[in-house]
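Q: sequence and predicted structure, then a few things I'm wondering about:
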Amino acid sequence: MYKTFTFLSLCFFTLFVKAQTPAPTVQDYGKIDIADLELKSCDFEKDANAMILFDEGNVFYDHNLDLAMERHKRIKIFNDNGKDKANIRIEYYSGGHYEYITGLQAQTINLVDGKPEITKLDKKLIYTEHIDKGRTALVFSMPNVKAGSVIEFKYVWNSNSISNFPDWYFQDKIPTRYSELTTQIPDIMYFKLKSNVVQPFIKYTKSSESRSIGSGTDAISYTLEKETRGLANIHSLPDEPYMTAVNDNLQSMVYKLTSIRPLGTFTKSYSDSWAKVGGILADDDDFGGQLKKKLDNEDEIIATAKERLTTEAKVAYIFNEVKNRMKWDGIDRWYTNDGTAKAWEKKTGNSAEINLILYHLLNKAGVTAYPMVVSTREHGKVVPYFTFLYQFNRAVVYVPINDDKTYVLDATNKYNIYNEIPSDILNSDALYIDKDKKQYDMLYITRQAPVRRVVILNGEIKPDGKMEGEASLNSFSYNRIKSIDRYKTDGEKKYIDYLTENNNNLKVSSLKFDGMDVDTVPLVQHIKFNMDLTGSDENYIIFNPNLFTSLHNNPFLSENRYTDIDFGYRNNYTINGTFKIPASYTVDALPKSTSMIMPDSSITFKRIMVSDGSQIAVRYNIDFKKTMYTKEEYPLFREFCKKMYEMLNEQIVLKKS
């Protein structure tokens, strides 16, 4: 019989049936209530620029067990800021006709003289964008859109794979008045279900009907089980500081077919284990088939690498050769598009092509290395129990040096270094492939050691309410990588604006770097600066010693939090400052030395301030001992941050003698 295995509890379904709120009506295409055309705002999210009136999906297997989904979506545009929601993009996996779209229709409905006026989309304006060999998008802009418009479109998504069940997201970046998913699944299919639904369904129905496929002695009888689930008044998912991937947080239901039993005795298994997923990768022409492809003029690089005395030296050399030769096209995939040989020739490729080239050269040079697939922060965390290849979106290289040292190499970013795991793949699982031994194992990628940033300040306060001084910014690990990336990408002017946090009273007269071209040392930034101490007058000078730290503005001001916080890695900040006082001034108000610690000891904050009458010495230290906080922990975390930033911004007052 049909079974769904749910790892997030759905035990409250019985409560949903008893819900008192009636389910909103899903209307036929082209039929609309005047009230929706007159609607001025979202009832449950007043500041929304647009709202999904309804999003209806019906996923089914037909009598031939072909898989399809009928979808109908309707959106209300409240104002000009919401008009961007009329730009529609429908992506699908098109390689080998794996998925395809049929029956696309779209139209805009406006209220004119009290009556609906329909403007249909000219199908000639639908653009087919071929993203790469595996993905395609249908792209179009709705016609005649203005504040007050309602847009709607419908289509049929089709798949030639019985196991390719589509994901369903009840939630979106704008509020949703109603979202409904209907599934029609034969009871001979066994699924895993990943449910991330946190509010009660206002509609839940279930029914079944008998069906058969084939004829005579070959006929297979089964029961088609139909379920409909509806959610109403779903708040939009906001962009929040340090949030995990959008798709990790949206209320959703994701199905994964694990096996099918058409005769009760014969079982066909799908990729229901990571070993099977690894085997699929190893045999795939666009992954495993690329691992031994010869590259033009590779012999010289391999020979030079073999001359290096240590494995680490070989890795560093080959990594830099690939990183400096290849240009990333900005596309993350676990599979190659043109293939490694052609990408090497063009000196351009996607993440799989660049990093499988890196693996190939390391392997040829005698380095024990394995191709590995990962998921970037933007793509989302890998759910270990949900054995699905498309949880991954990037190929990298795993190099175990010894029991205490391993490298995860990604040559797509010009500022990555071989001995630092790329920060955008931390805190998630990865799958590495040993094709020769047919071993495929999962690893959790994390970084235990804190990433340091040390700021040293020396300033002299002038009697006229100005400060002159020097600063030394010492950036390690990811702080080093990000600083170099930002400087070379944005240019010096914008980078200085970033350093000063756009404070017009703080001027940088000189900026010099040490260690920018040497991966193994910290980046040191030497700054000369001057500052107008606003708020000062003829009797008082007021200043904040918290300079060049990027720790002025508290990003956690919102009272509500909809997503977990993920810093990616531990941070440790140290700020040391010495400030010379004018001879004609004394210290009138000096913040007290203090310390503060989170109840779970996950963050410590210390502030020391002392003065001998001629100068003031300050020291701040902030140590984050864990990288993630759930949204349930947010109230306590927010309160700690509020107090900490208040202490970081507390000012020193000097009084004229």
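A: That came in fine, so what should we check first?
Q: burial measure for Asp537, as a count.
A: 9 (other C-beta atoms under 10 Å). (C-beta placed from N, C-alpha, C; glycine too.)
Q: which SS state does it fall under?
A: Three-state assignment for Asp537 (DSSP: H, G, I helix; E, B strand; the rest coil): coil.
Q: okay, it: pLDDT?
A: Model confidence at Asp537, given as pLDDT, is 89.
Q: what's the answer for the one 3 residues further on, then?
A: Note for Tyr540: predicted pLDDT of 95.
Q: so which strand or helix has the residue positioned nearest the centre of the chain?
A: The centroid of the chain falls nearest to Glu378 when counting by C-alpha atoms, centre = their mean (1.8 Å). Using DSSP states H and E, Glu378 sits in no helix or strand.
Q: residue contacts, it?
A: Counting by C-beta atoms under 8 Å, 6 or more residues apart in numbering, Glu378 touches 245, 424.
Q: roughly how far apart are it and Ile461?
A: Distance, Glu378 to Ile461, by C-beta to C-beta, to the nearest Å: 45 Å.
Q: now Ala245
A: Taking C-beta to C-beta, one finds Ala245 at 47 Å from Ile461.
Q: tell me which of the two has more neighbours.
A: Neighbours around Ala245 and Ile461, counted as other C-beta under 10 Å, are more numerous at Ile461. The numbers are 24 against 17.
Q: name whatever forms a beta bridge with that one.
A: Beta bridges link Ile461 to Met467 when assigned by DSSP bridges.
Q: that one touches Thr578, doesn't it?
A: No. At 11.2 Å, Ile461 does not count as touching Thr578 under the criterion of C-beta atoms under 8 Å.
Q: how many neighbouring residues does Glu81 have?
A: Quick fix: residue 81 reads Asn, not Glu. 12.
Q: wait, is it part of a strand?
A: No. Counting by three-state DSSP, Asn81 is not part of a strand but helix.
Q: mind checking pLDDT for His97?
A: For His97, pLDDT reads 78.
Q: ditto for Lys146
A: Reading off the model, Lys146 has pLDDT 96.
Q: just how off-centre is stretch 445-454 within its chain?
A: Distance of stretch 445-454 from the chain centroid (C-alpha atoms, centre = their mean, to the nearest Å) equals 20 Å.
Q: what distance separates the start and the end of it?
A: This stretch, stretch 445-454, spans 26 Å end to end (C-alpha to C-alpha, to the nearest Å).
Q: buried set for it?
A: Across stretch 445-454, burial judged by 16 or more other C-beta atoms under 10 Å covers 445, 447, 450-454.
Q: mean confidence for that stretch?
A: In the prediction, stretch 445-454 has an average pLDDT of 94.
Q: list the residues that contact the residue nearest to Gly95 when sequence neighbours are not counted.
A: Excluding the flanking residues, the one nearest Gly95 by C-beta to C-beta, 6 or more residues apart in numbering is Gly134, at 4.1 Å. Each residue near Gly134 by C-beta under 8 Å, 6+ apart is listed here: 93-95, 98, 333, 335, 337.
Q: how does it look with 7 Å?
A: 93, 95, 335 (C-beta atoms under 7 Å, 6 or more residues apart in numbering).
Q: any idea of the pLDDT on it?
A: 87.
Q: now do the one 3 residues further on
A: On the pLDDT scale, Ala137 is placed at 97.
Q: wait, it sits on Ile90?
A: Yes. Applying C-beta atoms under 7 Å as the test, Ala137 and Ile90 come out as touching, 6.4 Å apart.
Q: what's the pLDDT at the residue in the chain sticking out farthest from the centre?
A: When distances are taken from the C-alpha mean of the chain, Ser657 lies farthest, 55.5 Å away, according to C-alpha atoms, centre = their mean. Listed pLDDT for Ser657 reads 85.
Q: repeat for Leu181
A: So, for Leu181, pLDDT stands at 98.
Q: against Glu225, how distant is it?
A: From Leu181 to Glu225 the distance is 14 Å (C-beta to C-beta).
Q: looking only at neighbour counts, state which of those two leads.
A: Using other C-beta under 10 Å, the more surrounded residue of Leu181 and Glu225 is Leu181, with 22 against 18.
Q: so the more buried one bridges to which residues?
A: Beta-bridge pairing for Leu181 (DSSP bridges): Gly57, Arg229.
Q: that one and Val156, how far apart?
A: As for Leu181, its distance to Val156 is 15 Å (criterion: C-beta to C-beta).
Q: again with Thr336
A: In terms of C-beta to C-beta, Thr336 sits 31 Å off from Val156.
Q: okay, the two: which has more neighbours?
A: Thr336 (29 against 14).
Q: the more buried one reaches Gly288, doesn't it?
A: No. Assessed by C-beta under 7 Å, Thr336 is found out of contact with Gly288, at 10.6 Å.
Q: now do stretch 429-446: distance to the chain's middle.
A: 22 Å.
Q: low-confidence ranges in this structure?
A: 1-23, 217, 262-270 (pLDDT under 70).
Q: what ranges does it have for its helices?
A: 13-17, 34-38, 246-249, 274-283, 298-307, 311-325, 340-346, 351-364, 477-490, 492-499, 634-648 (DSSP state H).
Q: can I get those helices in a markdown table with distance to Phe548 and mean neighbour count?
A: Listed next are the helices of the chain as a markdown table, based on distance: least, C-beta to C-beta, whole Å; neighbours: other C-beta atoms under 10 Å:
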| stretch | distance to Phe548 | mean neighbour count |
| --- | --- | --- |
| helix 13-17 | 54 | 13 |
| helix 34-38 | 53 | 13 |
| helix 246-249 | 32 | 18 |
| helix 274-283 | 46 | 18 |
| helix 298-307 | 40 | 14 |
| helix 311-325 | 30 | 19 |
| helix 340-346 | 41 | 19 |
| helix 351-364 | 34 | 26 |
| helix 477-490 | 12 | 18 |
| helix 492-499 | 6 | 15 |
| helix 634-648 | 13 | 16 |
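Q: I appreciate the help and will end here.
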